[in-house]
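>>> Take a look and give me a structure for this.
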Amino acid sequence: MTLPTIQPIGPLDIEAESFRIIEAELGPTAFTPEQFAVVRRCIHATGDFSFAENLRFHPLAIEAGLRAIRAGKNILVDVNMAASGISKHLLARFGGKVICRVADTETVALANSHTITRSEAAVALAAEENIGIAVAGNAPTALLKIMELLEKGVFSPDLVIGVPVGFVNAAESKAILASKPYPFITALGRKGGTPVAVAAVNALLRLAGNP
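Now for the predicted structure:
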């Protein structure tokens, strides 16, 4: 077996070359340049070109997300892995912070007392913390709770990024989100996950920093 040849490339050039490859393999798309920046980063994070087919954007999604970031609003995420992946230094430029309450003692107590998941409880407890972008990349229950609180008028993020992965209520929760009138970014079907959620947020943070 002939082993592949590894071409040396500088660390600062790896992302640019990855983006070049993605753009070349995808060819022309119907996405706006801002939407494509999100799609490209999601593909870069996963190595999965199917996200060019299953990502869906509300017409005002990008505008709403950038407005929230630039206004210094916070970003709510459903798991600590997402909190770790979002670029803190880019977000800090605008005054916002990443909030994840899934491991808080108060969250555990609320989940136990109401027989709900910690993801649901964490969303409920963080709803009043100046949330501009609500993100669910892991737990369908978190996404369903976000939509429930929006419907009740007790939660009003500018943008919902709902891309939970899995086989139980993941595809269903995202199909519901895709029908909503408020700004959203979602990925139809079973695919998604925290890396996709983080990639979408980081793409928006980079767009927000552009003049």
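>>> From residue 30, how far out is residue 8?
According to Cβ to Cβ, to the nearest Å, residue 8 stands 36 Å off from residue 30. Placement of C-beta: from N, CA and C, glycine included.
>>> Tell me which residues are up against whichever helix in the chain runs longest.
For the chain, the helix with the greatest residue count under DSSP state H is helix 194-209. Here helix 194-209 makes contact (Cβ atoms under 8 Å, 6 or more residues apart in numbering) with 34, 37-38, 40-42, 44-46, 51, 62, 65-66, 69-70, 75, 77, 79, 81-82, 85-87, 90-91, 93-94, 133, 135-138, 161, 163, 165, 185, 187.
>>> go again using 7 Å as the cut-off
34, 37-38, 41-42, 44-46, 51, 65-66, 69-70, 75, 79, 81-82, 85-87, 90-91, 93-94, 133, 135, 137-138, 161, 163, 185, 187 (Cβ atoms under 7 Å, 6 or more residues apart in numbering).
>>> Just the CA trace of that helix, in PDB.
What follows is helix 194-209, C-alpha atoms only, in PDB (Å, rounded to 0.1, in the frame of the first residue of the first chain):
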ATOM      1  CA  THR A 194     -22.100  20.700  19.800                       C
ATOM      2  CA  PRO A 195     -19.300  21.200  17.200                       C
ATOM      3  CA  VAL A 196     -21.900  22.500  14.800                       C
ATOM      4  CA  ALA A 197     -23.400  24.800  17.300                       C
ATOM      5  CA  VAL A 198     -20.000  26.200  18.300                       C
ATOM      6  CA  ALA A 199     -19.000  26.600  14.700                       C
ATOM      7  CA  ALA A 200     -22.100  28.600  13.900                       C
ATOM      8  CA  VAL A 201     -21.600  30.900  16.900                       C
ATOM      9  CA  ASN A 202     -17.900  31.400  16.200                       C
ATOM     10  CA  ALA A 203     -18.800  32.200  12.500                       C
ATOM     11  CA  LEU A 204     -21.200  34.900  13.800                       C
ATOM     12  CA  LEU A 205     -18.600  36.300  16.200                       C
ATOM     13  CA  ARG A 206     -16.100  36.700  13.300                       C
ATOM     14  CA  LEU A 207     -18.800  38.300  11.100                       C
ATOM     15  CA  ALA A 208     -19.700  40.700  14.000                       C
ATOM     16  CA  GLY A 209     -16.000  41.800  14.200                       C
END
